[in-house]
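Visitor: Show me the folded form of this:
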Amino acid sequence: MNKGTIQFWLLFIVSIILSVVAISLFFKALKLILYVILVAALAPVIYLVLRLFIGRAKKPDNKLKRRE
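Guide: Residues are numbered from 1 along each chain as shown. Model prediction:
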């Protein structure tokens with residue numbers, strides 16, 4: 001094998017390894033973005049449901065009295 005062939009295969013293997021790393025990082029970033037979007041979308045719904053349940057548990061005597 002001459003020097004050109006060895007250099008070709010070495011560059012080919014390095015480029016494959018770098019491509020795998022880049023794709024892996026891309027999917028990790030995509031997963032993180034998806035989690036953030038889902039949390040941002042579900043937070044108001046969960047807030048409203050909890051507010052609905054906690055609102056029913058309050059007793060009427062807990063209300064603040066009006067100042068007259």
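Visitor: What are the boundaries of the strands in the protein?
Guide: Counting by DSSP state E, no segments of the chain form strands.
Visitor: Okay, now the unreliable bits of it?
Guide: Along the chain, the parts satisfying pLDDT under 70 run over 57-68.
Visitor: Grab the most central residue of it for me.
Guide: Y35 (2.4 Å; C-alpha atoms, centre = their mean).
Visitor: And that one, how far from V49?
Guide: Plainly put, Y35 is 20 Å away from V49 if you go by C-beta to C-beta, to the nearest Å. Where C-beta positions appear, they are placed from N, C-alpha and C, glycine not excepted.
Visitor: just I13 next, same as before
Guide: Taking C-beta to C-beta, one finds I13 at 53 Å from V49.
Visitor: Likewise for N2?
Guide: 70 Å.
Visitor: How about V14?
Guide: 52 Å.
Visitor: neighbours around Y47, how many?
Guide: Y47 has 10 neighbouring residues, counting by other C-beta atoms under 10 Å.
Visitor: same question, the one 5 residues further on
Guide: For L52, the tally of surrounding residues (other C-beta under 10 Å) stands at 9.
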